[in-house]
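Asks: give me the fold of what follows.
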Amino acid sequence: MPTFTSLKDWFSPNPDPNQIPPIRPDAVPVPAEEPFRPVRQSNGFTSRVLIVVGIVTFVGLLLFFLWASRSILLLGFGVVLMAVLLRAVGKLICKISSRIPMKAAVGLATVLLLGALVGFGMLAAPRISEQMSTLTSEIPASIQKIKSQLNATQWGQVVLKQLEEDMPSPSLSRVTGIVGGTLGVITNAVVIFVAGLFLALDPGLYVNGLARLFPVSRRQRAREVVASVADRLESWLLGQFIAMFAVGVLTWVGLAALGMPLAMVLAVIAFVFDFVPFIGPLIAAVPAVLLAVLQGPQMVLYVALVYLAVQQVESYLVAPLVQQHTVSVPPTLLLLTALLGGVLFGLPGTIIAMPALVVLITLIKELYVKDTLGDHTEEAK
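Replies: As a prediction, the model looks like this:
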């Protein structure tokens, strides 16, 4: 029997097919060593740049979308505030009578709100309308008197000339814009009221839909956060209306004590504009000061002191007492939020600055302080 003693015999042209050659260790072929090739390591710089560019692009598109739809967002926020108001009144009705279901209480709150507006209109509207027409007829006379006083001095003439250059002249386009703006305000008010009523009647439908956007394990927490935001908004609305009512009453009492004409309509203006932080009281004081010009410089001083005193009482007495039982908003943050809202959205942004800040503070406390930091102390609530 032939044997294979070397690798040459294994590859011989006439091997014995029945012979299994032994495998010797020294007969195993050794692969030739390849030349050293350094492996190029990827530093991930390109990947990081692409991630940053993607994030910046997404944020930019999101901000552009928010800016393009700012009117819809403001309208939606007004709908939420209306729903919160109706639910708050409905809860008060349920506390008075526990037999009334919540939906019926919201419907009753709507009827009461409309009835209060209609009743106020029927009782006070004639007098307010008369005073308002008197106010609109007397303010031009006050402005004319101010112009004549400014014309008496050289620096006053310079001021009047500059004001006349800056003030746009009336035109058909401006009148059309004013009419269109008025119709837009009325339409938005109707939409806010109707949509807010539907939201107040069945908020669970919308809350559950929002919760479905989160993982199953976090949906209950999402519902709790939404409920906390709604509670804070209810407390803020209650405190805000108390402060507005106090400002209106104090303004009416102060102007009536001075013998100022049209005290009621000026108090109503102060009540309405007190909802706008910072600039609202200033705007409300303008017609009162203009009307006081006809009464003499001494009356102008007294009227200005009345408005200043009312604001001091609200800031240092009414607001702290109300915030003990409602929501405390830091004044500096409110000022910055109002300025930012005014720059981004104009006057509507300034109007919603305070409730938007309440929502933002609540979300930070619930999502960051409690959930992320784990701080569930009383100060974090």
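Asks: show me what the one helix or strand Val226 maps to is packed up against.
Replies: Here Val226, judged by DSSP states H and E, is contained in helix 219-257. Secondary structure elements in contact with helix 219-257, counted by 3 or more CB pairs under 8 Å, 6 or more residues apart in numbering; DSSP states H and E, are helix 70-96, helix 203-211, helix 263-273, helix 279-293, helix 297-313, helix 319-323, helix 353-363. Any C-beta I mention is one placed from the backbone N, CA and C, and that applies to glycine too.
Asks: quick one: average pLDDT of it?
Replies: Within the predicted structure, the mean pLDDT of helix 219-257 is 89.
Asks: what residues of it count as buried?
Replies: Judged by neighbour count using 16 or more other CB atoms under 10 Å, the buried positions of helix 219-257 are 221-223, 225-226, 228-230, 232-244, 246-248, 250-252, 254-255.
Asks: likewise stretch 62-78?
Replies: Of all the residues in stretch 62-78, those buried under the rule 16+ other CB under 10 Å are 73-75, 77-78.
Asks: check stretch 351-371 too.
Replies: If you call a residue buried by 16+ other CB under 10 Å, then stretch 351-371 has these buried ones: 351-359, 361-362, 365-366, 369-370.
Asks: end to end, how far does it reach?
Replies: Distance across stretch 351-371, first residue to last, is 31 Å (CA to CA, to the nearest Å).
Asks: got the contact list for it?
Replies: Contacts made with stretch 351-371 from outside it, assessed by CB atoms under 8 Å, 6 or more residues apart in numbering, are listed as 74, 77-78, 81, 221, 224-225, 228-229, 232-233, 236-237, 240, 275-277, 327, 329, 333-334, 337-338, 340-342, 345, 375-376, 380-381.
Asks: again, but for stretch 207-225
Replies: In this structure, residues lying in contact with stretch 207-225 by CB under 8 Å, 6+ apart are 226-227, 363, 366-367, 371.
Asks: just how off-centre is it within its chain?
Replies: Between the mean C-alpha location of stretch 207-225 and the chain-wide mean there is a distance of 22 Å, by CA atoms, centre = their mean, to the nearest Å.
Asks: now Leu62: which helix or strand?
Replies: When elements are defined using DSSP H and E, Leu62 is found to belong to helix 45-68.
Asks: what helices or strands is that helix leaning on?
Replies: Counting contacts by 3+ CB pairs under 8 Å, 6+ apart, helix 45-68 is packed against no other helix or strand.
Asks: may I see the buried residues of that helix?
Replies: Judged by neighbour count (16+ other CB under 10 Å), helix 45-68 contains no buried residues.
Asks: got the angle for it vs helix 70-96?
Replies: For helix 45-68 against helix 70-96, the angle between stretch directions is 70 degrees (axes from the mean of the first three to the mean of the last three CA atoms, to 10 degrees).
Asks: now find how far off-centre helix 45-68 is within its chain.
Replies: Its chain's average C-alpha position is 24 Å from that of helix 45-68, according to CA atoms, centre = their mean.
Asks: now do that helix: everything it contacts.
Replies: Among residues not part of helix 45-68, those counted as contacts by CB under 8 Å, 6+ apart are 73, 344.
Asks: export it as CSV, just CAs?
Replies: Extracted in CSV, the C-alpha atoms of helix 45-68 (Å, rounded to 0.1, in the frame of the first residue of the first chain):
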residue,chain,number,x,y,z
PHE,A,45,-17.8,64.6,13.0
THR,A,46,-19.9,64.4,9.9
SER,A,47,-22.7,62.5,11.8
ARG,A,48,-22.7,65.1,14.6
VAL,A,49,-22.9,67.9,12.1
LEU,A,50,-25.8,66.3,10.3
ILE,A,51,-27.6,65.8,13.6
VAL,A,52,-27.1,69.5,14.6
VAL,A,53,-28.3,70.6,11.2
GLY,A,54,-31.4,68.4,11.4
ILE,A,55,-32.3,69.7,14.9
VAL,A,56,-31.8,73.4,13.9
THR,A,57,-33.9,72.8,10.7
PHE,A,58,-36.6,71.2,12.7
VAL,A,59,-36.7,73.9,15.3
GLY,A,60,-36.7,76.6,12.5
LEU,A,61,-39.6,74.9,10.7
LEU,A,62,-41.5,74.6,14.0
LEU,A,63,-41.0,78.3,14.8
PHE,A,64,-42.0,79.2,11.3
PHE,A,65,-45.2,77.1,11.6
LEU,A,66,-46.0,78.7,15.0
TRP,A,67,-45.4,82.2,13.5
ALA,A,68,-47.5,81.4,10.4
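Asks: can you pull the contacts of Thr372?
Replies: With contacts defined as CB under 8 Å, 6+ apart, Thr372 is in contact with no residue.
Asks: can I get the helices and strands packed on helix 219-257 in TSV including mean pLDDT and distance to Ala189?
Replies: Conversion of those to TSV gives the following (pLDDT from 0 to 100; distance: least, CB to CB, whole Å):
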stretch	mean pLDDT	distance to Ala189
helix 70-96	84	9
helix 203-211	87	21
helix 263-273	85	13
helix 279-293	84	18
helix 297-313	89	27
helix 319-323	77	26
helix 353-363	86	17
